[in-house]
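**Student:** Here is a sequence with its predicted model. Questions after.
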Amino acid sequence: MAVSSQAPGADAARSHLMALVAVECEAPGAPPRAALDRQMASVLADALAQDLVTQIPQIGLLDFVVVGALYDQAQVLRPHWPLYASMADALERLPRESGESHVVALGTHGGRLPLSILEPEPELFGSPMLVMPWLLSGPGDVIGKVAQRLEQELMERGLIGAELALAIGEAFGIKTAHARHMTTLDLCALACAQYEHAGLGALWQIIETALLRPDQEIGVNLDDGSSLWFRDRTVHFESRDSRLLAQYRAILGAHGIVVVAIGRGGPDAGPGSA
């Protein structure tokens, strides 16, 4: 796979690789500081960029964008990747000279991040794993080579050095068990395993389609006879179980996916088995 994913909304002449730092905390819950000010975000961005360049020197030829904030993974795993689209847009707004690369840190000013869409959603916090997104941007050929090396080398071991992991923990006021780099597809694979372990594998099929194939339709039938059908960026849910409807609305809503209850008979096409 040459490029992990493309961030929408950016210059078509440039390619983008979406990735993140996954931080495993010693305890679940909201971090004392979910977002960093510009100065602290800049310090962490420089340290992360150097960590990556040390392992893959070609990354130094690319623009590197980091949001100095921690998120629940559901806020990252949303259709059309809105966090990354905003990061790519912020990068494209910078003045640049030919051949010049940037390390861009997006931090708070007056307690707020530069775009409201980048604000962490505190109601989602609860997992011991938090994520800090980063984006590489540059010529497609360089991005392709870097993506291959990330997949083959860095993402296999991926662990960030203890000193840098400690710095991340101190910046956000958390105790970290470990921290590692991941691509968004790595995160998808991890989320898939988590959903399947929780008995929600069918729900993940819907989320995965919305993330990776948003223009496609998919239907799944559940063991209790309920049905889910994803189309037109919306999940149509057919069930007589109001508690299940509320649960699925909460889970899919965290991923930015709307759930609409329908009566028996379903949408025109009708749900099918996955």
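**Tutor:** That came in fine, so what should we check first?
**Student:** all strands of the stretch 151-274 of the chain, in order?
**Tutor:** Remark: strands assigned in the stretch 151-274 of the chain by DSSP state E, counting those that start in this stretch are 176-183, 218-221, 227-231, 234-238, 258-262.
**Student:** want to throw these into CSV with distance to L62?
**Tutor:** Heads up, the C-betas are built off the backbone N, CA and C, glycines and all. Supplementary listing: these in CSV, determined by distance: least, C-beta to C-beta, whole Å:
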stretch, distance to L62
strand 176-183, 15
strand 218-221, 34
strand 227-231, 34
strand 234-238, 36
strand 258-262, 35
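**Student:** In CSV: those strands, plus distance to Q148, mean neighbour count and mean pLDDT.
**Tutor:** Formatted as CSV, the strands of the stretch 151-274 of the chain follow (distance: least, C-beta to C-beta, whole Å; neighbours: other C-beta atoms under 10 Å; pLDDT from 0 to 100):
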stretch, distance to Q148, mean neighbour count, mean pLDDT
strand 176-183, 11, 19, 90
strand 218-221, 30, 19, 93
strand 227-231, 31, 22, 94
strand 234-238, 35, 21, 94
strand 258-262, 36, 14, 90
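**Student:** which stretch among those strands comes nearest L212?
**Tutor:** Evaluated with C-beta to C-beta, the strands of the stretch 151-274 of the chain place strand 218-221 nearest to L212, the distance being 11.0 Å.
**Student:** Extract the CA atoms of the closest one and return them as CSV.
**Tutor:** These are the backbone C-alpha positions of strand 218-221, laid out as CSV (Å, rounded to 0.1, in the frame of the first residue of the first chain):
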residue,chain,number,x,y,z
ILE,A,218,-23.8,-2.2,3.3
GLY,A,219,-26.4,-4.0,5.3
VAL,A,220,-26.0,-6.3,8.2
ASN,A,221,-28.4,-8.5,10.1
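**Student:** Show me how far it is from its chain's centre.
**Tutor:** Computed by C-alpha atoms, centre = their mean, to the nearest Å, the chain-centroid distance of strand 218-221 equals 24 Å.
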